[in-house]
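1. Dropping the sequence and predicted coords here.
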Amino acid sequence: FVLMLIDHVAKTVVLYRSSLGQVPLYYHASSERIIASSEERAIAAHPAVDIEANVSMLASVFSLNSSHPAGQTAFTQVSELLPGQCLVWTKGVIDQWRTPLSLGQSPVSYRSDQEYADQYRDILERMVSRCLPESGKVGVMLSSGIDSAPAAAIAAQQLQQSGRTLTAYSWSLAGFDTADESRQIKQVADFANIPLKLISAVDRWPLYNRDNIHITANSPLSNAFQGLKDTVLEAAANDDCEIILNGWFGDRLFMFNQRLLIAEALREGNTGLAIAELLYWARGKGLKGISDSLYYRLRSGLSSTMGQAGMAGENKPWLSEFSRQQQMNENWPPEAEQHRHPDHFRSMTGPGNFQFGGNKKASFGRFGIEQRDLYRDEELIDFMLSIPLTQFTRLGQSKYIARNAAKGLIPENIRLQSRAGVLSEFYEYGLWKKERAWLRERLYDTQCSWDRYIDRDWLTAQLIKERPSEKASLIAWQCLTYELWLEKVRELERQKAAVL
C-alpha cells in the first residue's frame, strides 16, 4: 500500500510506501509545493514540473541492468518514494526516513528436505490467503511453471471452501513448439479442477499492432509480450473479474549465484552433496570448467558475503561512450550488506522488483483489473532468505524446495518438468520474420536519437544478420520503445504548452 496524509491547517503532507513497494508512489517536491501520484507522467504533466530526461536512468535502462538507480525515474524532477520510506513535507521543508528491511536475519535449519518443503507449503497457504479478496471474482494468470501452478491449486481450494470459483486464464501459441505450453496448462487446470479459459494468441506477436504499441510517458520500458497479456486481461475483464493473481515474483526468489552452492554445502557439513554437485558440474563443464568453478566457489563462497567476491562485470559492447560514462553501481538496499549473501538479498528486495511500477499499474488499469503478485510476500521472502542455498537447486533441478512442496498439488510430470513456455521463439518471430523491415526503417529514421546511448555500428552489424543475437534483439526493442517514449513525452509537452 501507499499512504498520503494531508493536513491543510499545518500545511503538511505525509507520504509513506510499504516495505516491499508493491504499490508505486512518485513525487516532486519544492519549497512551494509537493505533488504525488502513482504514475510518473501525472507529475511530469504538472505546470510546475520541467520535463527533463534523466540520462543516468536512461543509460541504465539501455545497459539492460536488472536494477536502476534507486529513487530515480526517467525524469530528473520526478522521484520515486522508496519502499519503507516516509517523507514529511511541511511548508517547503522536507524530513524523510526509511525503516530498513529485517529479513533473513535468523538462518533456519531443518533435519530433512521434507521439513523444508512442509514449511514452504505452509507459508504458501498463508500467502495465497492474504492475496484473496473477501468478495468479487478472482482469476489467475496460469502457466505450467512451479510458481503459478501450485499457488493456483491452493487458491482454488481456499475459494471453494467459501463457495467461490477461481478461473484460470492463459494463451496458446500453436505452431511455436518451445513457446506453447497450452497442453501442460490444461493438464494443471484439469488436475486442480480449475475452470480454464485458453485464448489463441498466435496473432499477438511483438509489434503485431505496431501503430498502437502500449507505451506511456511514464518510462521507455514496455513489455514486448503485452499483446499476450492483453488477451488474458481482455478475457478476464469480459468476465467482470476484479482481481488477477500471478506468480511472476516466484522467479525472483530463486535468483542466486549458483557458483556458491558447493561452498554452502561444505559450510553445512554436507560433503556428500558438495561432491555430487561438483561431479554434476564437471559433466557439463569439463575439467577446466570444474577447476575454474571450484576455485571461484571456494574463494568466494566461503567468504561472508556474496557480492564482495563476485566476478568482473559483464562486457557490454553495445553501449556508447556516453552511456559508459553514466554507469553507476546500484547497491540498494544498504541493509543487504548485513545478510550473508547480499546479492541474493537484493534480488528479492532491490530496485528491480519495484521500479517502473507506474507502467504495470497503467497496463492493468486499462482493463479495470487489480493484479496481485502472489509471491511478493514478506513472510515468504524472509523464509527464503533464511534457508540454505542447497534448497534452491539440486543437481541441476531448479527451485528444488518449491518442487518438493508441490507434491499432490499438480501432476507429477509437471512438477518435475524443466521450464516450458519459453517465449524467445515467438519474440524472434515477431521482430525478425514479421516486422524486420518496418523495425529497421523505424530505428534508422533520421529523427531517432537512440544512438546517444547505443553504439550504432554495433547494432547495425547485428541487425544485418539473418538471426540477430538475443542481446541484439533486446537492444533493438529497447531502442524502439525509447523512441516511442520520446514521442509520448513530446506530446505531453505540447499539452502542457497548450494549457499554459
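-> Noted; the coordinates are in hand.
2. Could I get the full set of strands for the stretch 251-400 of the chain?
-> Taking DSSP state E, counting those that start in this stretch as the criterion, the stretch 251-400 of the chain carries its strands at 370-373, 393-394, 397-398.
3. ugh, wrong one, I meant the chain
-> Taking DSSP state E as the criterion, the chain contains strands spanning 2-7, 12-17, 26-29, 34-37, 79-80, 85-90, 93-98, 138-141, 166-172, 196-200, 243-246, 370-373, 393-394, 397-398.
4. Nearest approach to Leu385 belongs to which of these?
-> strand 393-394 (16.0 Å; C-beta to C-beta). Bear in mind the C-beta positions are built from the backbone N, C-alpha and C, glycine included.
5. So what are the sheet partners of the closest one and their directions?
-> strand 397-398 (antiparallel) (DSSP bridges).
6. before we move on, the earlier item: now the strands of the stretch 251-400 of the chain in a markdown table, please, with extra columns for distance to Leu423, mean pLDDT and mean neighbour count.
-> Formatted as a markdown table, the strands of the stretch 251-400 of the chain follow (distance: least, C-beta to C-beta, whole Å; pLDDT from 0 to 100; neighbours: other C-beta atoms under 10 Å):
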| stretch | distance to Leu423 | mean pLDDT | mean neighbour count |
| --- | --- | --- | --- |
| strand 370-373 | 19 | 92 | 18 |
| strand 393-394 | 23 | 88 | 18 |
| strand 397-398 | 18 | 88 | 13 |
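7. With distance to Leu25 as added columns, please give these in JSON lines.
-> Shown next, in JSON lines, are the strands of the stretch 251-400 of the chain (distance: least, C-beta to C-beta, whole Å):
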{"stretch": "strand 370-373", "distance to Leu25": "16"}
{"stretch": "strand 393-394", "distance to Leu25": "35"}
{"stretch": "strand 397-398", "distance to Leu25": "34"}
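8. Nearest to Ala48, out of the ones you listed?
-> strand 370-373 (30.7 Å).
9. Can you give the strand pairings for that closest one, parallel or anti for each?
-> With DSSP bridges as the test, strand 370-373 pairs up with strand 243-246 (parallel).
10. Quick check: Lys197 vs Gly430, distance?
-> With distances taken as C-beta to C-beta, to the nearest Å, Lys197 is found 23 Å from Gly430.
11. returning to what we had before: what's the most buried one of the strands of the chain?
-> Comparing the strands of the chain by mean neighbour count (mean count of other C-beta atoms under 10 Å), strand 138-141 ranks first with a mean of 26.
12. Can you show me the CA trace of that strand as PDB?
-> Extracted in PDB, the C-alpha atoms of strand 138-141 (Å, rounded to 0.1, in the frame of the first residue of the first chain):
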ATOM      1  CA  VAL A 138     -10.900 -13.800  -8.900                       C
ATOM      2  CA  GLY A 139      -8.800 -15.000 -11.800                       C
ATOM      3  CA  VAL A 140      -5.200 -16.300 -12.200                       C
ATOM      4  CA  MET A 141      -2.700 -15.900 -15.000                       C
END
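13. Show the low-confidence segments of the stretch 151-300 of the chain, by residue range.
-> 284-300 (pLDDT under 70).
14. Swap in 50 and give it another go.
-> When residues are selected by pLDDT under 50, those of the stretch 151-300 of the chain lie in 293-300.
15. Let me see the ranges of the helices in it.
-> Secondary structure of the stretch 151-300 of the chain (DSSP state H, counting those that start in this stretch): helices at 182-192, 226-238, 250-253, 261-267, 271-301.
16. Could you give the separation between the terminal residues of stretch 15-23?
-> 13 Å (C-alpha to C-alpha, to the nearest Å).
17. what does that stretch contact?
-> If you take C-beta atoms under 8 Å, 6 or more residues apart in numbering as the criterion, stretch 15-23 is touched by 1-4, 25, 27, 34, 36, 38, 81-89, 99, 101, 349, 353-354, 357, 373, 376, 378, 381.
18. Likewise for stretch 371-378?
-> 19-20, 22, 103, 123, 127-128, 130-131, 147-148, 151, 155, 243-250, 252-253, 353, 360, 364.
19. Any idea how far apart the tips of that stretch sit?
-> Start-to-end, stretch 371-378 (C-alpha to C-alpha) is 17 Å.
20. quick one: that stretch to chain centroid distance?
-> From the chain centre to the centre of stretch 371-378 is a distance of 12 Å (C-alpha atoms, centre = their mean, to the nearest Å).
21. begin at 401 from here
-> All right, first residue 401 from here; so that's stretch 771-778.
22. related to what we said a few turns ago, buried deepest among the helices of the stretch 551-700 of the chain, which one?
-> Of the helices of the stretch 551-700 of the chain, helix 661-667 is the most buried (mean count of other C-beta under 10 Å), at a mean of 22.
23. Tell me which other helices or strands that one touches.
-> helix 671-701 (3 or more C-beta pairs under 8 Å, 6 or more residues apart in numbering; DSSP states H and E).
24. I'd say Lys491 and Lys411 touch.
-> Yes: applying C-beta atoms under 8 Å, one finds Lys491 in contact with Lys411, separated by 5.1 Å.
25. circling back to that earlier point, so among the contacts of stretch 771-778, which ones count as buried?
-> Among the contacts of stretch 771-778, those buried by neighbour count (16 or more other C-beta atoms under 10 Å) are 419-420, 422, 503, 523, 527-528, 531, 547-548, 551, 555, 643-650, 652-653, 753, 760, 764.
26. re earlier: save the strands of the chain as JSON lines, and put in distance to Asp450 too.
-> Compiled in JSON lines, those are given as follows (distance: least, C-beta to C-beta, whole Å):
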{"stretch": "strand 402-407", "distance to Asp450": "23"}
{"stretch": "strand 412-417", "distance to Asp450": "21"}
{"stretch": "strand 426-429", "distance to Asp450": "10"}
{"stretch": "strand 434-437", "distance to Asp450": "13"}
{"stretch": "strand 479-480", "distance to Asp450": "14"}
{"stretch": "strand 485-490", "distance to Asp450": "19"}
{"stretch": "strand 493-498", "distance to Asp450": "19"}
{"stretch": "strand 538-541", "distance to Asp450": "39"}
{"stretch": "strand 566-572", "distance to Asp450": "42"}
{"stretch": "strand 596-600", "distance to Asp450": "43"}
{"stretch": "strand 643-646", "distance to Asp450": "36"}
{"stretch": "strand 770-773", "distance to Asp450": "32"}
{"stretch": "strand 793-794", "distance to Asp450": "48"}
{"stretch": "strand 797-798", "distance to Asp450": "47"}
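27. From Glu452, how far out is the residue nearest to Gly575 when sequence neighbours are not counted?
-> Nearest residue to Gly575, sequence neighbours excluded (C-beta to C-beta, 6 or more residues apart in numbering): Val602, at 6.4 Å. Val602 sits 42 Å away from Glu452, going by C-beta to C-beta.
28. before we move on, the earlier item: minimum distance to Ala470: which of the strands of the chain has it?
-> Across the strands of the chain, closest to Ala470 is strand 479-480 (C-beta to C-beta), at 7.8 Å.
29. Packing partners of that closest one?
-> Using 3+ C-beta pairs under 8 Å, 6+ apart: strand 479-480 touches strand 426-429.
30. so how far is the strand it packs on from its chain's centroid?
-> That offset, for strand 426-429, works out to 24 Å (C-alpha atoms, centre = their mean).
31. Which strands border it, and is each parallel or antiparallel?
-> Strand 426-429 is paired, per DSSP bridges, with strand 434-437 (antiparallel), strand 479-480 (antiparallel).
32. Let me have those strands in TSV, adding distance to Glu737 and mean pLDDT as columns.
-> Output for the strands paired with strand 426-429, formatted as TSV (distance: least, C-beta to C-beta, whole Å; pLDDT from 0 to 100):
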stretch	distance to Glu737	mean pLDDT
strand 434-437	30	97
strand 479-480	22	96
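33. Alright, calling it a day.
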